[in-house]
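Trainee: Okay, sequence plus prediction incoming.
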Amino acid sequence: MVPKYFAGKNNKIIDKNIEAIMSGYSSGKNLANIQIDIKSNNYTRTDLLLSGADSISLGAIAGGCNYVCGYPMSPSTSILVKMASYSKKFDIIVEQVEDEIGVINMAIGAWYAGARALVTTSGGGFALMSEGISLCGMIESPLVLHLAQRPGPATGLPTRTEQGDLNLVLYAGHGEFPRIILAPGTLEEGFTLTQKAFNLSDKYQVPVFILTDQFFVDTVYNTPVFSMTDLKVEKYIVATEKNYKRFLITKNGVSPRGIPGNGLGNVCADSDEHDEGGYITENMDLRVKMVDKRHKKFEAINADIIPPKMIGNNNYKTLILCWGSTFNIVNEALEDIGDKNIALIHFSWIFPLHDSIHEYLLKASNVIIIENNSSAQFSQLIKLSTGYSIKNKILKYNGLPFSVEEIKNEIQKFL
Amino acid sequence: MDNIFDFKDKIDIAWCPGCGDFPIRKTLLSALKELKLIKEKTVLVSGIGQAAKMPQYINTSFFNGLHGRGLPPATAIKACNPDLTVIAVGGDGDMYGEGGNHFLHTARRNPDITLFVHDNMVYGLTKGQAAPTSRPEMKTPVQVFGVFEKPLNPIALAISLDISFVARVFCGDIEQTKDIMKKAILHKGFALVDIFQNCVSFNKINTFKWFKDKVYYLPDDYDPSDRASAFKKSLEEEPFPLGVIYKNDHLITFEDNLSTYKNDKSALYKRNVSFKKIEEEIKAFI
C-alpha cells in the first residue's frame, strides 16, 4: 500500500512513512490491552453498512432534493461531499458558496424558483445564517437545513461532538415565525426524517432543521436496508392564475405556493411586511393578520408531529428521556440494566413538541434526562412547553459522545 | 401603447420627488417593453435600499430579499430555471458594501443575469451616510470629519474580475441608458451596469448637474474587448467615461457549466427523481 501511494517518491520517503505507520501501530497496541473477539454473523450480510452522513444524503435524494449549497465546515462537510458525488447521477446542482450568508440566501432563491434545496452546515456557519432563516419566516419559504453540531462557543472543538445547538436552531432569526426541528436517533431515522423534511417544508412553507452532530454523521454501522415503499416526493407547487396572490390568507395559514414561470401570475416575495400579493404594506391591521396567518401554521403542523418512541413497560416508575444521536447508546445501556421499572422515550421530532410528553412525565415517579450538553437544553424546552422541571440530568460536554458504561453508571446513581 | 410591465392603476412610490430612481424606472420599463420580454418569465431580484424597492414598482415576479443579498438568490433562480430572465437591482451600498463578497463571487460564477446598480454615492434609505462609492471629504452625520476612505471603483473592480459585460450610464440620459440596459439584458453572462444617479435629499455634492458635467461618452470606435485598455479607461475620473467599457464574449455561464443541463434543458421543478435509481444507490451500501 505505502509504496503504491508514494509511487514516484524516493525510498527514504517510503521508508519514513512505513516507520511512522509501525510506530502508530505499536503506540496504539500499548495504549490499552484490548481483546477484540468478533464472530461473523450471517444476518448482517444483507444489511447496509453506512454512516450518518450517508443516511442523511440518501434521505435528501429520496426527498427530491435537487439543489445543495454549503460552505465547508466540520462536521457537516461530509454531506456536501456525498451530495456532490450524487450530483451527476441525480441531476443535483451542488454549489460551494463564498460564505454561509450566501449559502442560505441562494438556497431560499432556489426554493423560490421551484427547486428543493438543502443547506448543510455546523453551528458557527449557521450563526451567520440567522437573518436568512428569518427571511424564510417572512416570505414563507421552505428550506431544509442540516446542522451537524460540534462543541462551541466560537471555533470550539471542531472535530468533536455535542448537542449544544438546540437553543440556537430553536431561537435563531429575529421576529416570530414557525419552524420544525428534527433530530434523528438512528441511521434509519436519518434517512426517513430527511426524506420527510422536504415534504414537510414544502407543505407548510417553513424551515425544517435536521439537527445531528459529529457523532451521528461520522458513525458507521450496519442497519437493515432502507425501504422506499411508503415514501413519496410530495410536491405542493401550483400553477399560478392571472391574479395570483402568493400570501393569500387561508384557513390554516398555508397559501398555495406558485413559482415564477409556471402560470400567468406574478410571484412576489418581499422581506418587508406585505399584503396578500407580496407588496409592501404599513397597514397595521394587515400586519396583525399576516402575523396571525404565519403563526396559524403551527396548528396545521401539529397534525403531522411524529410522537416520541417509547421503549419499555407501560407501568414504569423511572422514565429516561433522550433526543437525537444518543438513542442507540442509551437504549443499549437500558437493555443491559434490564430493569422493568425503567422506560425510555426518545425524541427525534424535537419541535414543536408532541403533546404526549405531558402524560409520559406525569406517570413517572422518577424522570432522568440524558443530553450531550452542559445546560440540558431539551429539558429547558420541555419545561417551557409543559411547566415540568426535570431535576435528574445526565450531561456530558467534554467533546465526546456517551459510552454505554457511563450511562449505566450514571443512571444507577438516580435509582 | 400600454406597457405590460407597468401597472394599470396608479401605484404609490416611496421615493423622494426628483429622485434619480424615477428616470431609471421609466427607462427600465421602456427597455423591458422594447425587448418584448415575456412578463411571466421575468424576475426582478433585489436586496434592501431605495434602489432595491424597484421590483415593487414593476409589474412582474420579484424576490425582494435581504440587504446585500440580492445576487445569491438571483444566481439560484436562474440556475433552477434557465428559461427565466433574471435582473438584479440594488444600490451602491447594497451591492458593493453589504453584498461585496457576493459581488466578487457572482463575477466568478458568471450566471446569465443582469445587475443594475444605482450609484448615487450615498446611503439614501438610512438618510445620508457614506457609501462605498462616496467621494473623499464628503461630510455626513456619521462621517463628521469627511470621508477619508478611498472610494470603491466598481468598474475597475468588475474588469479585474473579468465580469463579462461592464457598463456605466447616467440616469439623466434616458436613450443611452435604455440602449445599454437592453444590451446588458441580452448579453449572455453576468452583466453589470453601474448607473450614476442623483440623490436629491442626501447628496448635495454629487447632484444631477455634477454628474452631467463630470461624464463623457466613449467614442463609437472604442473597443470594449481589450481588457487592459478597458482597465485603463476604468481608472479615469472626473470626467468618468460612460458606455460599455468592457465585454468578454468568451466566458461560459454558470448554468452552462452545470452537468444538470447537459442532457436535459428543462427547469428543475419539472423533473422527478427516479426511486429505482435511489434504491440502487441504497443497495450499494450492502
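Mentor: It's in.

Trainee: Assess the claim that residue A:220 and residue A:49 are in contact.
Mentor: Yes - using C-beta atoms under 8 Å, residue A:220 makes contact with residue A:49 at a distance of 6.6 Å. Placement of C-beta: from N, CA and C, glycine included.

Trainee: which residue is nearest the centroid of the chain?
Mentor: I went with chain A, as the question did not name one. In chain A, the residue lying closest to the centroid (C-alpha atoms, centre = their mean) is residue A:210, at 1.7 Å.

Trainee: let's do chain B instead
Mentor: residue B:115 (1.8 Å).

Trainee: residues in contact with the residue in the stretch 101-250 of chain B positioned nearest to chain A?
Mentor: Minimum separation of the stretch 101-250 of chain B from chain A (C-beta to the nearest C-beta) falls at residue B:105, amounting to 3.9 Å. With contacts defined as C-beta atoms under 8 Å, 6 or more residues apart in numbering or on different chains, residue B:105 is in contact with A:97-98, A:102.

Trainee: same thing but at 7 Å, please
Mentor: Residue B:105 sits next to residue A:98 when contact means C-beta atoms under 7 Å, 6 or more residues apart in numbering or on different chains.

Trainee: How about residue A:255?
Mentor: A:246-248.

Trainee: Which secondary structure state does it sit in?
Mentor: Secondary structure, DSSP: H, G, I helix; E, B strand; the rest coil: residue A:255 is coil.

Trainee: mind checking how far it is from residue A:104?
Mentor: 22 Å (C-beta to C-beta, to the nearest Å).

Trainee: in the stretch 151-286 of chain B, which spans are strands?
Mentor: B:165-170, B:191-196, B:215-217, B:240-247 (DSSP state E, counting those that start in this stretch).

Trainee: Distance to chain A and mean neighbour count added to those strands, as a markdown table?
Mentor: Shown next, in a markdown table, are these (distance: least, C-beta to the nearest C-beta, whole Å; neighbours: other C-beta atoms under 10 Å in any protein chain shown):
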| stretch | distance to chain A | mean neighbour count |
| --- | --- | --- |
| strand B:165-170 | 20 | 26 |
| strand B:191-196 | 17 | 26 |
| strand B:215-217 | 32 | 15 |
| strand B:240-247 | 22 | 22 |
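
Trainee: what about residue 122, neighbour count?
Mentor: Assuming you mean chain A. 29 (other C-beta atoms under 10 Å in any protein chain shown).

Trainee: Not quite, go with chain B.
Mentor: The burial count for residue B:122: 28, using other C-beta under 10 Å.

Trainee: thought it was touching residue B:132?
Mentor: No - applying C-beta atoms under 7 Å as the test, residue B:122 and residue B:132 come out as separate, 10.6 Å apart.

Trainee: residues in contact with residue A:243?
Mentor: Per C-beta under 7 Å, 6+ apart, neighbours of residue A:243: residue A:265.

Trainee: scratch that, residue B:245
Mentor: Here residue B:245 is in contact with B:155, B:166-168, B:218, B:224, B:230, B:233-234 (C-beta under 7 Å, 6+ apart).

Trainee: let's see 8 Å
Mentor: Going by C-beta under 8 Å, 6+ apart, residue B:245 touches B:155, B:159, B:166-168, B:218, B:224, B:230, B:233-234.

Trainee: Kindly reformat these as a markdown table containing pLDDT and distance to residue A:376.
Mentor: Output for the contacts of residue B:245, formatted as a markdown table (pLDDT from 0 to 100; distance: C-beta to C-beta, whole Å):
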| residue | pLDDT | distance to residue A:376 |
| --- | --- | --- |
| B:155 | 98 | 56 |
| B:159 | 98 | 56 |
| B:166 | 98 | 56 |
| B:167 | 98 | 59 |
| B:168 | 98 | 59 |
| B:218 | 98 | 67 |
| B:224 | 98 | 64 |
| B:230 | 98 | 61 |
| B:233 | 98 | 64 |
| B:234 | 98 | 59 |
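
Trainee: Now which of those would you call buried?
Mentor: Buried members of the contacts of residue B:245, counted by 16 or more other C-beta atoms under 10 Å in any protein chain shown: B:155, B:159, B:166-168, B:218, B:224, B:230, B:233-234.

Trainee: can you tell me how far the closest residue to chain A within the stretch 151-286 of chain B sits from residue A:97?
Mentor: Residue nearest to chain A within the stretch 151-286 of chain B: residue B:269 (2.8 Å; C-beta to the nearest C-beta). Going from residue B:269 to residue A:97 by C-beta to C-beta gives 21 Å.

Trainee: now residue A:33
Mentor: 49 Å.

Trainee: When the two are compared, which one has more neighbours?
Mentor: The neighbour comparison of residue A:33 against residue A:97 (other C-beta under 10 Å) goes to residue A:97, with 23 against 6.

Trainee: so who does that one touch?
Mentor: Contacts of residue A:97 by C-beta under 8 Å, 6+ apart are A:69-71, A:103, A:106, B:72, B:105.

Trainee: let's go with 7 Å and repeat that
Mentor: A:69, A:71, A:103, A:106, B:72.

Trainee: Drop anything exposed from the residues you listed.
Mentor: By 16+ other C-beta under 10 Å, these give A:69, A:71, A:103, A:106, B:72 as buried.

Trainee: Which members of those residues occur in helices, if any?
Mentor: Among the buried ones among the contacts of residue A:97, the members found in helices (DSSP state H) are A:103, A:106, B:72.

Trainee: Adding pLDDT and distance to residue B:17, write those out as JSON lines.
Mentor: Below are those laid out as JSON lines (pLDDT from 0 to 100; distance: C-beta to C-beta, whole Å):
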{"residue": "A:103", "pLDDT": "98", "distance to residue B:17": "40"}
{"residue": "A:106", "pLDDT": "98", "distance to residue B:17": "37"}
{"residue": "B:72", "pLDDT": "98", "distance to residue B:17": "34"}
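
Trainee: for those residues, which one is nearest residue A:157?
Mentor: residue A:103 (22.9 Å; C-beta to C-beta).

Trainee: Which helix runs longest in chain A?
Mentor: From DSSP H, the single longest helix across chain A is helix A:11-31.

Trainee: Next SSE downstream of it?
Mentor: Counting by DSSP states H and E, the element after helix A:11-31 in chain order, helix or strand, is strand A:48-51.

Trainee: could you say what helices and strands the longest helix of chain A packs with?
Mentor: helix A:2-5 (3 or more C-beta pairs under 7 Å, 6 or more residues apart in numbering or on different chains; DSSP states H and E).
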